[in-house]
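Trainee: Quick one, structure for this:
(chains A and B)
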Amino acid sequence: MKKTYKIDVDCANCASKMEKAAQETAGVKDAVVNFMTLKMKVEFEEGADPAVVMQDVLKNCKKVESDCEIFL
Amino acid sequence: MTAKQKKMLLRILLAAVFMLIFVLIPFDRLLPKKIAPYVRFGVFLIPYLIVGYDILLKAVKGIINKQVFDECFLMAVATIGAILLGEYVEGVAVMLFYQIGELFQSVAVGKSRRSISDLMDIRPDYANIEEDGQLVKVDPDEVEIGTVIVVQPGEKVPIDGVVTEGVSSLDTSALTGESLPRSVHPGSSVISGCINQSGLLHIETTCEFDESTASKILDLVENSGMKKSRSENFITKFARVYTPAVCYGALALALLPPLVRLLMGTTPAWSDWIFRALTFLVISCPCALVISIPLSFFAGIGGASRQGILVKGSSYLEMLSKTKTVVFDKTGTMTRGTFEVTDIDPSEDAALTWAAERSPKEIKAQLLEYAALAECHSSHPISRSLQEAYIKEISGSPDEISAASSKKGSAGGAEKLSSSPAEKDAAEGAEKVSPNPLDQNRVSAVEEISGHGVEATVDNLSVLVGNAKLLRLKQIDPPAESTSKASTVVYVAIDGKYAGTITISDVIKPTAPEAIAALSKMGITDTVMLTGDNRAVAEEVASLLHVSQVKSELLPQDKVLEVEKRLQQKKASDTLVFVGDGINDAPVLARADIGIAMGALGSDAAIEAADVVLMDDNPVKIASAIRLSRKCMRIVYENIYFAIGIKLLCLLLGALGIANMWLAIFADVGVMVLAVLNAIRALKA
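Mentor: Numbering: from 1, shown residues only, chains lettered A, B, ... in the order given. Purely as a prediction, here's the structure:
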């Protein structure tokens, strides 16, 4: 399953760090951050609950980039 | 500017004013020698903290979260280092300029983000629904299939549908890049994203908002980032290696040379080397690289979509730029894919019987009329072309007919003809005009003879329309078969006698030769045409188009094999492009390096199967797409070389002690801003 989230982040490098953090979160199959459209597209693993996984994604993203925001 | 940006601007101005004041105050003369340095340190902390507190905070958070090497950390280390070395002004200035750069970047990116989204401003915000005689604006998401929506002049069509009421012309330029307006009338299907230019339209929706053309296109362009190009991946990987590498380099620069000097017995000059190391750190931020490459692609894709060329991802744009071979389907790609009457040839004795005392032109018209009427119940492509040619003949407005014929693929052609726009206008002007030129009352006893043609009675005359076999079947001698097999010849017999032939052929698109010429001008001379048609037709078309190779009489699976053969022969770095209309060549589209589907307005299958979608069916767009991709890639490489080059140069100068903090700031922020500005060029086609 794929879902798109709106994000807020200041710089391109930070966006790519978020992308890496999201990709490495358990339950996430793939994640792509588009800095230009400020959107994060997340593909979830089979059977993962997006609501739960996204909390972890947000936590991991905050770790690498404290200023970022994901609008869940 | 957003609130965040305004706040930043205020902080920058405030800090700059404080700094200027403190620079001008001669602390050493005003205060006793013992306390002056401490006071100086204290007052310079004020502008430093005003402008840099968030950077310091983020640096601390980064360390807590084990994300040491981020740019905030670098800036914090560099500026604190400068301050500890007693370079207060430099320390504050570096922070100040870093923030100015960041602000500038934020504004520039915001601007480009907006200019791209403006370009793709096809997303409709609302739909009008009539309730109790009043128009109500509703969210297009809430409109269900089959609802009648109202589109006023100047408004965007929000959802795909069919016109139920009203006549107008639609501006499709936001979708196709073509400025020619398209006229619509009851029965025509309309797609979302077009702008209604003249009349009020009532439209019955045929799909939901999410499934509408405009939504799909936006979705496609916005998600094009999912397929990242090799250059983008390269830069991402490069950035991940680059930052730590420069940081370790800085550490080495700060420690090794002084230690070596110490061992050699000279003064270690610690502060000098540490300062050089700090300069190193400032240069190390990879933002210029990380932003400019995706931004270039994004701008390129945005600019292309403005011209009706949808690219599904930056990787495809990258591959498209390396095109060496273009393979294309004939029917529907280089030709219209619809049969058209190209010649009417009445027999010489025709004038004696059913068409006595008429001019040759009238005889031709009469022959076509009889043939069209006899075929008026059939929806066979050949019958349709006869009907269309006849309507065109009497209405005398070829544009409208071709517009109607290009639409007929989706809905039944025969019904559509009865509401041809030209005729609709005529009906409105003077009601006595028959609503349908193909008056079916004149036709009776229609009998379709499978594989042969049609026999019908028109105006009490027996009319036969079909192939030569049909005439022989009815004991009429057809004339010798024509030598050219490049077209279909329809034989007509009236009142039991041979009356003449009507030649029908698939017409080459007027821009097709130009398209091939444009490709070869760009250095793409390997153009291959594949077709299922017979050799004569294929070669005639090929010679008109000047393609380099032609393969005829191919079954759909042969086309896949042919493309596969060529894929194996070519160099890995070259790209093979296949262009088709997406109707029955989806497997080939998928197999080629790049599949370009054309004429995609309203065809979901084509949008699904292809990597690049041309919204209209103009083959010249193939060359435009390749040209755009090349321009975009040129900008991408410019940015890569420029950004990496300047950074490495500055690193070298910094290590040698020639570059100061100011140059370092330029290497960081200035390069990025220039790269962003360069990337934006890709928007303009």
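
Trainee: Next one, pLDDT for the residue lying closest to B:T213 once chain neighbours are set aside please.
Mentor: Distances taken as Cβ to Cβ, 6 or more residues apart in numbering or on different chains put B:I191 closest to B:T213, at 4.2 Å, once the chain neighbours are dropped. All C-beta spots, glycine's among them, are computed from the backbone N, C-alpha and C. At B:I191 the predicted local confidence, pLDDT, stands at 83.

Trainee: And B:E211, by the same measure?
Mentor: So, for B:E211, pLDDT stands at 79.

Trainee: ok so, going back, what are the phi and psi angles of the residue nearest to B:T213?
Mentor: For B:I191, the backbone dihedrals are phi -110, psi 150 (criterion: degrees, to the nearest 10).

Trainee: try B:Y498
Mentor: phi -60, psi 130.

Trainee: and it, how far is that from B:A365?
Mentor: 18 Å (Cβ to Cβ, to the nearest Å).

Trainee: same check, this time on B:P556
Mentor: According to Cβ to Cβ, B:P556 stands 39 Å off from B:A365.

Trainee: Just want to know which of the two has more residues nearby.
Mentor: More neighbours surround B:A365 than the other of B:P556 and B:A365, with 18 against 14 (other Cβ atoms under 10 Å in any protein chain shown).

Trainee: That one is in what secondary structure piece?
Mentor: Assigned by DSSP states H and E, B:A365 belongs to helix B:360-374.

Trainee: now swap in B:A659 and tell me
Mentor: For B:A659, there is no helix or strand it lies in under DSSP H and E.

Trainee: now the one 3 residues further on
Mentor: Following DSSP H and E, one finds B:W662 within helix B:661-665.

Trainee: buried stuff in the helix or strand following that helix?
Mentor: Remark: after helix B:661-665, the chain's next helix or strand is helix B:671-680, criterion DSSP H and E. Buried residues in helix B:671-680, counted by 16 or more other Cβ atoms under 10 Å in any protein chain shown: B:V671, B:M672, B:V673, B:L674, B:A675, B:V676, B:N678, B:A679, B:I680.

Trainee: Check stretch B:203-221 too.
Mentor: B:203, B:205-209, B:212-218, B:220-221.

Trainee: Could you point out which of those is nearest to chain A?
Mentor: Closest approach between these and chain A, by Cβ to the nearest Cβ: B:V221, at 9.1 Å.

Trainee: pLDDT value on that closest one, please?
Mentor: pLDDT, read off for B:V221, is 68.

Trainee: Likewise for B:S482?
Mentor: In this model, B:S482 carries a pLDDT of 57.

Trainee: since we're on the residue nearest to B:T213, how many residues are nearby?
Mentor: Residues lying near B:I191 (other Cβ under 10 Å) number 22.

Trainee: what about dumping the CA coordinates of stretch B:25-35 to CSV?
Mentor: Output of stretch B:25-35 as CSV, limited to C-alpha atoms (Å, rounded to 0.1, in the frame of the first residue of the first chain):
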residue,chain,number,x,y,z
ILE,B,25,33.1,51.0,19.1
PRO,B,26,36.8,51.2,20.1
PHE,B,27,36.6,49.1,23.2
ASP,B,28,40.4,49.0,23.7
ARG,B,29,40.5,52.8,24.1
LEU,B,30,37.3,53.2,26.1
LEU,B,31,38.0,50.5,28.7
PRO,B,32,40.9,49.5,30.9
LYS,B,33,43.2,46.9,29.2
LYS,B,34,42.3,44.2,31.6
ILE,B,35,38.5,44.0,31.0
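
Trainee: Report the mean per-residue pLDDT for it.
Mentor: pLDDT averaged over stretch B:25-35 gives 80.

Trainee: which element is the residue nearest the centre of chain A on?
Mentor: Compute the mean C-alpha point of chain A, and by Cα atoms, centre = their mean the closest residue is A:A22, 4.4 Å away. Using DSSP H and E, A:A22 maps to helix A:12-23.

Trainee: Just checking the distance from that helix to the centre of its chain.
Mentor: 8 Å (Cα atoms, centre = their mean, to the nearest Å).

Trainee: Name the residues of the helix holding B:W662 that come out as buried.
Mentor: For helix B:661-665, by 16+ other Cβ under 10 Å, it's B:M661, B:L663, B:A664, B:I665.

Trainee: Please name every helix or strand in contact with it.
Mentor: Identification of packing neighbours for helix B:661-665 by 3 or more Cβ pairs under 8 Å, 6 or more residues apart in numbering or on different chains; DSSP states H and E yields helix B:88-119, helix B:270-283, helix B:620-656.

Trainee: chain center to the shortest one, what's the gap?
Mentor: Centroid separation between helix B:270-283 and its chain, computed with Cα atoms, centre = their mean, is 47 Å.

Trainee: The next helix or strand after it close to chain A?
Mentor: Going down the chain from helix B:270-283, the next helix or strand is helix B:287-306, by DSSP H and E. Yes. Shown here: helix B:287-306 in contact with chain A (Cβ under 8 Å from any Cβ of the partner chain) through B:C287, B:V290, B:I291, B:P294, B:L295, B:F298.

Trainee: just those residues now: which is nearest chain A?
Mentor: The closest of these, once distances to chain A are taken by Cβ to the nearest Cβ, is B:I291, at 3.3 Å.

Trainee: State the mean pLDDT of stretch B:129-137.
Mentor: For stretch B:129-137, the mean pLDDT works out to 84.

Trainee: what does that stretch contact?
Mentor: The contact list for stretch B:129-137, computed with Cβ atoms under 8 Å, 6 or more residues apart in numbering or on different chains, reads B:Y126, B:A127, B:N128, B:V138, B:V143, B:T147, B:V148, B:I149, B:V150, B:Q152.

Trainee: hang on, the third one packs against B:P153?
Mentor: No. Look at B:N128 against B:P153 with Cβ atoms under 8 Å: they stay out of range, at 12.0 Å.

Trainee: Please give the number of neighbouring residues around the residue in chain A positioned nearest to chain B.
Mentor: Closest contact between chain A and chain B, by Cβ to the nearest Cβ, is at A:A12 (3.3 Å). Neighbour count of A:A12, defined by other Cβ under 10 Å: 27.
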